[in-house]
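Give me the fold of what follows.
(chains A and B)
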Number of protein chains: 2
Amino acid sequence: MHQFDRKEIEDLAKIYRLNLINSVTGYKSAHLVGTCSEMGNENLAVFSSVVHLGSNPALIGFILRPTTVPRHTHANMKSTGVFTLNAISKDQIEEAHHTSAKYPEGVSEFDYTLLEPEKKRDWKAPYVKGAPIQMGCKYLNEYSIAENDTLLIIGSIEQLYIKKGLLQEDGWVQLDKGEIVSINGLDGYALPSLLERFAYARPKK
Amino acid sequence: MHQFDRKEIEDLAKIYRLNLINSVTGYKSAHLVGTCSEMGNENLAVFSSVVHLGSNPALIGFILRPTTVPRHTHANMKSTGVFTLNAISKDQIEEAHHTSAKYPEGVSEFDYTLLEPEKKRDWKAPYVKGAPIQMGCKYLNEYSIAENDTLLIIGSIEQLYIKKGLLQEDGWVQLDKGEIVSINGLDGYALPSLLERFAYARPKK
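Got it, this is the predicted structure:
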């Protein structure tokens, strides 16, 4: 096996280390976060750190890196109180990745990609048209992670839309039926296929 | 599309809601967390919330649900200061899932699965033999998430082992070359295949 200890990781060239550490932590969720400024400017950015926090209430979390990530997304969700999470499907990966380009404030990524905004139920943040799962979320809180000056954003799921064919009888949503992707590192997009679903695990006698 | 608003989600039956909300947030990373008590009892538990926090220093985070997740893992990492993260590969999913069964304290999941512990460099937590990526981590801190009484655990990567064939020239690790899986909901295991890697995105003129 290849081996790296902490000192060796610290001594790596910056890009090599970014690629390495972003990919060894495993597959990541793939979302487009939609927001809108008070002035009505729409914003869209790809995120790979959305995690499930709890089901009752339905809460999600994601990590913001204030130094590298577009701050428009953060400013917008704090001022309007809402954002959307849109699952990225196979046919949207190239356009989704392009939203990571650093456009000036006031420029909408919808204008520079083939992705189209979709308004629903007067939600003050745009959804991504055609996304197989769309969530209208409220911004609830943020926690400063002192170890590296990142932020954990907490949001609640207020509106949930799921494409027909994904939702199963017991509430489980089969993501590969929507060709939803996952992210490998900073720039790799992978398409998962279901291997198996297991029963609730009980101790062996 | 299927639609649920907040009230409808709250009114769902518990298991349906657990399945739904755990799966709509997208694909999750799949890790076995290895720990050891001060008494030398080994412990292994499957986690699907590990996220990349930063590369310099190399930091990870994951969510603990004190009310539902085995507390042995938490107690062990706090008392010894270390734990391991082991990527789950296709051939280990059934055994990995079984570690979610609630065994009493003092019982090692290694004794009730075909998974084998591996000791390396005197690290005071067991790795999982054969895991394509193994990380020896230090427990650094934890943050209480007031919104639902969960904990965000912060750890640093101190030792990193990667199976031959996955590590590319620029530091990127191609996870599908190790048949590393991702998790769909509470109990679905999926195998991703790389679609594409994109260049660093720059604004269009």
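
Quick one: list the elements packing against the helix or strand of chain A with the lowest mean pLDDT.
Within chain A, confidence by mean pLDDT, DSSP states H and E is lowest for helix A:71-80 among all helices and strands, at a mean of 91. The elements that helix A:71-80 packs onto, with contact taken as 3 or more Cβ pairs under 8 Å, 6 or more residues apart in numbering or on different chains; DSSP states H and E, are strand A:31-36, strand A:42-47, strand A:82-87, strand A:150-162. Bear in mind the C-beta positions are built from the backbone N, C-alpha and C, glycine included.

Tell me which of the ones you listed lies nearest to chain B.
strand A:150-162 (4.3 Å; Cβ to the nearest Cβ).

is the closest one anywhere near chain B?
Yes: Strand A:150-162 is in contact with chain B by Cβ under 8 Å from any Cβ of the partner chain, via A:Thr150, A:Leu152, A:Ile154, A:Ser156, A:Ile157, A:Glu158, A:Gln159, A:Leu160, A:Tyr161, A:Ile162.

what residue ranges in chain A score low on pLDDT?
For chain A, the stretches with pLDDT under 70 are A:67-70.

can you give me the helices in it?
Shown for chain A, the helices assigned by DSSP state H span residues A:6-10, A:14-24, A:71-80, A:93-98.

Show me which positions of the first one end up buried.
If you call a residue buried by 16 or more other Cβ atoms under 10 Å in any protein chain shown, then helix A:6-10 has these buried ones: A:Arg6, A:Ile9.

For chain B, tell me whether that helix is touching it.
Yes: Helix A:6-10 reaches chain B (Cβ under 8 Å from any Cβ) through A:Arg6, A:Ile9, A:Glu10.

which helices and strands sit right next to that helix?
Where contact means 3+ Cβ pairs under 8 Å, 6+ apart, helix A:6-10 is packed against helix A:14-24, strand B:150-162.

can you list these in a markdown table and add distance to A:Arg202?
Formatted as a markdown table, the helices and strands packed on helix A:6-10 follow (distance: least, Cβ to Cβ, whole Å):
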| stretch | distance to A:Arg202 |
| --- | --- |
| helix A:14-24 | 32 |
| strand B:150-162 | 24 |
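
could these be laid out in JSON lines, adding mean neighbour count?
What follows is these, written out as JSON lines (neighbours: other Cβ atoms under 10 Å in any protein chain shown):
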{"stretch": "helix A:14-24", "mean neighbour count": "21"}
{"stretch": "strand B:150-162", "mean neighbour count": "22"}
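
Looking at these, spot the one closest to A:Met1.
strand B:150-162 (4.6 Å; Cβ to Cβ).

near chain A, anything from the closest one?
Yes: if you take Cβ under 8 Å from any Cβ as the test, strand B:150-162 does meet chain A, through B:Thr150, B:Leu152, B:Ile154, B:Ser156, B:Ile157, B:Glu158, B:Gln159, B:Leu160, B:Tyr161, B:Ile162.

Pipe the helices and strands packed on helix A:71-80 into TSV and attach distance to B:Gly185 per row.
Converted to TSV, these look like this (distance: least, Cβ to Cβ, whole Å):
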stretch	distance to B:Gly185
strand A:31-36	16
strand A:42-47	20
strand A:82-87	13
strand A:150-162	13
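
among those, which is nearest A:Asn19?
strand A:42-47 (16.9 Å).

got the contact list for the least confident helix or strand of chain A?
Applying Cβ atoms under 8 Å, 6 or more residues apart in numbering or on different chains, the external contacts of helix A:71-80 come out as A:33, A:35-38, A:41, A:43, A:45, A:64, A:66, A:83, A:105, A:124-125, A:139, A:151, A:153, A:155.

hmm, which of those residues are the buried ones?
Buried among those by 16+ other Cβ under 10 Å: A:33, A:35-37, A:43, A:45, A:64, A:83, A:124-125, A:139, A:151, A:153, A:155.

Which two of these have the greatest separation?
So, the buried ones among the contacts of helix A:71-80 by Cβ to Cβ: farthest apart are A:Lys124 and A:Leu151, at 21.4 Å.

Identify each buried residue in stretch A:52-69, please.
A:His52, A:Leu53, A:Gly54, A:Ser55, A:Ala58, A:Leu59, A:Ile60, A:Gly61, A:Phe62, A:Ile63, A:Leu64, A:Val69.

Just give the nearest non-adjacent residue to A:Tyr200, would you?
B:Asp187 (7.3 Å; Cβ to Cβ, 6 or more residues apart in numbering or on different chains).
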